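Asks: Next come a sequence and a model predicted from it.
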Amino acid sequence: MALHIPPSLYHRRFRLLWLGLLISIAGTQMQTWALFWHIRTLTDLPIALGGVGLARILPVIIFSLVGGAMADVVNRRRLLLVTQSAMTLLALLLAWLTLRGSITLWQIYALTAMQAMTAAFDIPARQALVPNLVPARDLPNAFSLTSIAFQTGAIIGPAMSGLVIAYWGQSYTYLINALSYLAVIVALLLMGPVAQQADPERRSNVSLASIKEGIQFILSQPIILGSMLLDFFATFFSSANTLMPLYARDVLGVGVVAYGWLSAAQSIGAVLAALVASQVEHFRRQGVILLGSVVAFGLATILFGLARSFLVAMLALALVGAADSISMIIRNTIRQIQTPDYIRGRMTSVTQIFFMGGPQLGEIEAGVVAQLFSVPFAIISGGVGCLLAVAWIARRWPQLRNYNGDEPRLAQAAAD
């Protein structure tokens, strides 16, 4: 199969956003994995690493629905300029406190919670903006490219975190992340105004009624609801990223540089899978592919929990990332195509609770199980739980299992 330029990159505004995200996500991922290592240097308790998940999920639960409603009312591009600027300032504050040597565990939790609160407004606006930048026919490809940007950043970021911590110091990981947000800010400024559809029946505003409308829409769409629950339970059971420092040090016996590469392994597999997906013009039998990829996700998680060598652990994590990448592309395509533009922000905000709530609550669960039993047991049992969740959802929502991808669309994306 001859390689070709992905069609979504022919659209200038999406291309700008994609390049900005490619840089920014690398900085964000570097900070994320550096933060886990930072906490590990402050305490030996696994539950303390699980506390990061709690600090992230509470703001998402509280603010996501408001953030989604706002993304349908205000201009999404302008909202992103505000949220990206706020996250820049928070990363700078984290760098400054660390550089002073006065940072505490509770300050890390507080700043993490504030960043999660900002993300609750940022993510719905960013995901809902993509269909405004490309036509509907190029939307699956756009999400493939977005996955590549995310996973490429997730390779570079964790790998850099180990090197930066080892040679420069912890604070520089946060400083570099702050600078990386400027790439998205510049992209948003260069792309110019972006039009979006308003509610065709009434004047939109941020209210309980508008939030309720978004929730009711999702409950009325079994394919969207099923994909959200699949995402939540799979990531709840199979999330153990915050345990990676413990696994690296105590199970595999490796140092900070190897930890950085281990942390990047999932994204290496994800990028390879997304590159293949970007060359596919149309996915058929999308429901079967989605369910199959999550099964592979759970099996690879079990393999990782059983691994006792660095190379086997790297391979297992690469398989985890590849399966998750395909799953994410299909999930995002289904949801965005089956959602009208005027309600996309609210749909994405509910989705955000599921796709962020699953892994963050899962990190808490993994920390508790690891504290009571062991780190490998927490990972293996999570993989088993993921497989059981797939079986239940496939049986409960046969519409998802039978979804092909060429069904009538509820939404039409705006052309560039």
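Replies: Right, received. Where do you want to start?
Asks: any weak-confidence spans in the stretch 251-400 of the chain?
Replies: By pLDDT under 70, the low-scoring segments of the stretch 251-400 of the chain are 278-284, 341, 355-357, 360, 363-364.
Asks: quick one, helices of it?
Replies: For the stretch 251-400 of the chain, applying DSSP state H, counting those that start in this stretch gives helices covering 256-278, 286-306, 310-337, 344-372, 375-396, 398-401.
Asks: Which one, of the ones you listed, ends up nearest to residue 81?
Replies: With respect to residue 81, and counting by C-beta to C-beta, the nearest of the helices of the stretch 251-400 of the chain is helix 344-372 at 15.8 Å. In this view, the C-beta of every residue, glycine as well, is placed from N, C-alpha and C.
Asks: same for that closest one, what does it pack against?
Replies: helix 46-73, helix 105-129, helix 208-219, helix 222-238, helix 310-337, helix 375-396 (3 or more C-beta pairs under 8 Å, 6 or more residues apart in numbering; DSSP states H and E).
Asks: buried residues in the first one?
Replies: Right, helix 46-73. Residues 46, 48-57, 59-61, 63-73 are the ones in helix 46-73 that count as buried (16 or more other C-beta atoms under 10 Å).
Asks: in the helix or strand immediately after it in the chain, what counts as buried?
Replies: Next along the chain after helix 46-73, taking DSSP states H and E as the criterion, comes helix 76-100. By neighbour count on 16+ other C-beta under 10 Å, the buried set for helix 76-100 is 76-77, 79-81, 83-84, 86-88, 90-95, 97-98.
Asks: neighbouring contacts of helix 76-100?
Replies: The contact list for helix 76-100, computed with C-beta atoms under 8 Å, 6 or more residues apart in numbering, reads 24, 27, 31, 38, 70-71, 103, 107-108, 111, 114-115, 118-119, 121-122, 125-126, 128-129, 132, 169-172, 174-175, 177-178, 181-182, 184-185, 188-189, 191, 193-194, 196, 345.
Asks: Quick one: residues contacting residue 19.
Replies: Counting by C-beta under 8 Å, 6+ apart, residue 19 touches 183, 187.
Asks: how far away is it from residue 26?
Replies: Residue 19 sits at a distance of 12 Å from residue 26 (criterion: C-beta to C-beta, to the nearest Å).
Asks: what about the closest residue to residue 110 other than its chain neighbours, distance to residue 112?
Replies: Nearest residue to residue 110 in three dimensions, chain neighbours excluded: residue 55, at 7.6 Å (C-beta to C-beta, 6 or more residues apart in numbering). Residue 55 sits 4 Å away from residue 112, taking C-beta to C-beta as the criterion.
Asks: now residue 157
Replies: Residue 157 is 16 Å from residue 112, by C-beta to C-beta.
Asks: between those two, which one's more packed in?
Replies: Legend: neighbour count by other C-beta atoms under 10 Å for residue 157 and residue 112, higher for residue 157 (28 against 23).
Asks: Please give the element, helix or strand, for the more buried one.
Replies: Going by DSSP H and E, residue 157 is in helix 139-167.
Asks: send the alpha carbons of stretch 389-402 over as CSV?
Replies: This file holds the C-alpha atoms of stretch 389-402, laid out as CSV (Å, rounded to 0.1, in the frame of the first residue of the first chain):
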residue,chain,number,x,y,z
ALA,A,389,-16.7,-5.3,31.1
VAL,A,390,-16.4,-5.8,27.3
ALA,A,391,-18.5,-9.0,27.5
TRP,A,392,-21.2,-7.2,29.4
ILE,A,393,-21.4,-4.1,27.2
ALA,A,394,-21.4,-6.2,23.9
ARG,A,395,-24.4,-8.1,25.2
ARG,A,396,-26.2,-5.1,26.7
TRP,A,397,-25.9,-2.8,23.6
PRO,A,398,-26.0,-5.0,20.5
GLN,A,399,-26.4,-1.8,18.4
LEU,A,400,-22.8,-1.0,19.2
ARG,A,401,-21.7,-4.5,18.2
ASN,A,402,-23.6,-4.3,14.9
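Asks: Flag every buried residue along that stretch.
Replies: Applying 16+ other C-beta under 10 Å to stretch 389-402 flags 389, 390, 393, 394, 397, 400, 401 as buried.
Asks: could those go into TSV alongside distance to residue 12?
Replies: Below are the buried residues of stretch 389-402 laid out as TSV (distance: C-beta to C-beta, whole Å):
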residue	distance to residue 12
389	41
390	39
393	39
394	40
397	38
400	35
401	38
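Asks: Help me confirm that residue 236 comes into contact with residue 359.
Replies: Yes: under the criterion of C-beta atoms under 8 Å, residue 236 makes contact with residue 359 at 7.2 Å.
Asks: got the contact list for the closest residue to residue 267 other than its chain neighbours?
Replies: Leaving aside its sequence neighbours, residue 267 sits nearest to residue 154 (C-beta to C-beta, 6+ apart; 3.5 Å). By C-beta under 8 Å, 6+ apart, residue 154 lies in contact with 25, 26, 29, 264, 266, 267, 270.
Asks: I'd like the distance between residue 154 and residue 274.
Replies: Counting by C-beta to C-beta - residue 154 and residue 274 are separated by 11 Å.
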